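> give me a 3D structure for the following:
(2 chains)
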Amino acid sequence: MGEAWHGSLGLLTHAVMTPVFWLAAAGVFTAWFLYLKRPDIPDAIRQKASGLYNLLDRKYYFDDLYINGFAAWTRWFGKFLWQKGDELVIDGVLVNGTARSVGRLAGVLRQIQTGYLYTYAFAMIIGLTVLLGWLIWFR
Amino acid sequence: MLSNYLLSILIWLPIFGGAALLLIGDGDDTKSKQAALMRRSALFVSLLTFVISIGLYAAFDNAETGMQFVERVPWVEALNVFYYLGVDGISAPLILLTTFITPLVVISGWDTIKVRAAQYFAAFLILEGLMIGVFSALDGMLFYVFWEAMLIPMFLIIGVWGGERRVYATLKFFLYTFLGSVLMLVAFIYLYLETGGWDLFAFMNQTIGMTAQKFIFVAFLLAFAVKVPMWPVHTWLPDAHVEAPTGGSVILAAIMLKMGGYGFVRLSLPIVPDGSAYFSGLMIALSLIAVVYIGFVALMQKDMKKLIAYSSIAHMGFVTLGMFLLWWITAETGTGLGMTGAMVQMISHGLISGAMFLCVGVLYDRVHSRQIADYGGVANTMPVFASFMVLFAMANAGLPGTSGFVGEFMVIIASFKANFWFAFLAASTLVLGAAYTLWMIKRVVYGEVANDNVAALQDLNTREFIVLAILALSVLLVGLWPAPLVDMMNVTIEQLVDQIGHSKL
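Numbering: from 1, shown residues only, chains lettered A, B, ... in the order given. Presented below is the predicted three-dimensional model:
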């Protein structure tokens, strides 16, 4: 720094020469002129060029993009994964679905368990016949 | 002398203490003198266990590569089962976490448990002993016994002191975890038939063919993935957390989830390194799904406990990610970084998630609601509590200076070394994590006082303040000065990484 400018005064005077400084100063001046000196001009601009006015007023719609775009999409996606992914597919179909299938299968199988002795005796006789038949003819 | 039996003391002191509490009981009256005595005894036993575990920390040798505090006596000689205990740099920190969290849980349940107080505290003490048993068992059978026994107190804690849908949650928790661990037993029996014993080191030294390694890995995976829990076997956790009493949620999140991560490090990686290498891509994919998918799901939760439960799943995804990055890092150095990060993340998540559940518990005790919509502007009526909750929320979102940052940062660096896209997806959790945590904080803590319940809130009492302050200090300590923790693990992790690097085919 010290090599480029001759002393702090040189640095200060240089700053005043750059376009950035004059642009900033122009901004301050315009704001003062429009809103303090002649407030009727902004009103006129708003009526004449409402599109441009709104674009600037809403900060180029960046906040709307974030809030209604990214954030809303993220929330929708989160809700989708939660209700469709976790609750419907994983928990509903896979986990509780398995539990329900086992329950249903047990419901069918328990029809066989009548509690009557003759049903069991009949099943035993049939089983014995099949076993003996298999032993005699197929071995 | 006594130090030769240090691990046995740590395991059996709380178990016998809990059993004594159970036998004496509180005479079915939580306001009686006997119940007060039971509370004090439970606190005394858990504090004594913690003090003894500090002795373990003091005597622990960071430079030792082998197991320390080893105890080995025959248990069932016919089956070659040994009562074989020992700790290294991976298990010792987890044991310290267990002994540290349990007294806090006892204090937090001090006067919020209105039924069967003695039995409640007994369940936690017994659970503590069993969890230390899991972390120190070096015999497969002993490990399995502790592993399964651990389910029983937790089953009772949720089933007896839980919320409205506690029976559904309990059964789901039990069946889910039991199904997985039975497959682990099958893998153990195979290894027993191969080696003729249950010694975990014999398992590690045994040559195993590739097909067998794949099968064993899958069997272990199902056991540990449920515990971690990894996507898509995670749905038991939100239900269990929502229905569990505060203390149950704290232990579940802080320590029981670590069992899964510990299982991967202690069993899967060293016993079947080639199988682990084969499945490492799948493991990384599942971890990244957990991190991103669960992050989105957490965002939309309306129940605070469910939100923290989902956030736990996302954070544990980091643990499994860090562990399985090993095979994807080609650089000469820093292969162990992911593993160290995973271990630090486990300890840190234990502290943070425990603290978050305690915060929800504090609110629930006053308003009897866990719904975010029932709160708003809590900071106006409970400023001290709000400060703590915001601190823990920041830690949960991974703010530098808190423990949440250290592990996540290590894992993200390690994933950068492996693949840019791993790191990209892993780092997205920082955004999502901040979003769901801070959005909850915004709706619960900040803003105008939402309703009469919130307006009537009383700030923390001394008991609650002590518990949260201790946790806040430890979260900051691990965040600002993780060296003591990392130093404890370093030698063991280096050795583990070296061991995993050698094929066992």
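> residue contacts, the residue nearest to B:D199 when sequence neighbours are not counted?
Distances taken as CB to CB, 6 or more residues apart in numbering or on different chains place B:D139 nearest to B:D199, at 6.2 Å, with adjacent residues excluded. Every residue, glycine included, has its C-beta placed from N, CA and C. Residues near B:D139 by CB atoms under 8 Å, 6 or more residues apart in numbering or on different chains: B:75, B:81-84, B:198-200.
> separation between B:D139 and B:A149?
14 Å (CB to CB, to the nearest Å).
> is the closest residue to chain A within the stretch 351-500 of chain B within a helix or a strand, and which one?
Residue of the stretch 351-500 of chain B nearest chain A, by CB to the nearest CB: B:A435 (7.3 Å). Following DSSP states H and E, one finds B:A435 within helix B:420-444.
> give me the helices and strands touching that helix, please.
Packed against helix B:420-444 by the contact rule (3 or more CB pairs under 8 Å, 6 or more residues apart in numbering or on different chains; DSSP states H and E) you find helix B:273-299, helix B:304-324, helix B:383-396, helix B:403-418.
> for it, buried residues please.
Residues B:422-423, B:425-427, B:429-430, B:432-441, B:443-444 are the ones in helix B:420-444 that count as buried (16 or more other CB atoms under 10 Å in any protein chain shown).
> tell me the mean pLDDT for that helix?
Averaged across helix B:420-444, pLDDT comes to 88.
> give the next helix or strand downstream of it.
The helix or strand immediately downstream of helix B:420-444 is helix B:452-455, counting by DSSP H and E.
> B:P232: neighbour count?
For B:P232, the count of nearby residues is 18 (other CB atoms under 10 Å in any protein chain shown).
> what residues does the longest helix seen in chain A touch?
Criterion DSSP state H: the longest helix present in chain A is helix A:117-138. Contact with helix A:117-138 is made by A:I112, as judged by CB under 8 Å, 6+ apart.
> can you dump the C-alpha coordinates of stretch A:24-32 into CSV?
Taking Å, rounded to 0.1, in the frame of the first residue of the first chain, the C-alpha atoms of stretch A:24-32 are listed here in CSV:
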residue,chain,number,x,y,z
ALA,A,24,-22.2,6.0,-4.3
ALA,A,25,-22.4,9.8,-3.9
ALA,A,26,-24.9,10.0,-6.7
GLY,A,27,-27.0,7.3,-5.0
VAL,A,28,-27.0,9.3,-1.7
PHE,A,29,-27.9,12.5,-3.6
THR,A,30,-30.8,10.8,-5.6
ALA,A,31,-32.3,9.3,-2.5
TRP,A,32,-32.2,12.6,-0.7
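> chain center to the worst-scoring helix or strand of chain A on mean pLDDT: distance?
Least confident element among the helices and strands of chain A, by mean pLDDT, DSSP states H and E: helix A:7-17 (a mean of 71). When distances are taken as CA atoms, centre = their mean, to the nearest Å, helix A:7-17 is centred 52 Å away from the chain's centroid.
> repeat that for stretch B:307-322.
Using CA atoms, centre = their mean, the offset of stretch B:307-322 from its chain centre is 11 Å.
> now stretch A:29-48
Stretch A:29-48 sits 42 Å away from the centroid of its parent chain (CA atoms, centre = their mean).
> quote the end-to-end distance of it.
One end of stretch A:29-48 to the other measures 22 Å (CA to CA, to the nearest Å).
> please enumerate residues in contact with it?
With contact meaning CB under 8 Å, 6+ apart, stretch A:29-48 is reached by A:52-53.
> repeat the analysis, applying 7 Å as the threshold.
With contact meaning CB atoms under 7 Å, 6 or more residues apart in numbering or on different chains, stretch A:29-48 is reached by A:Y53.
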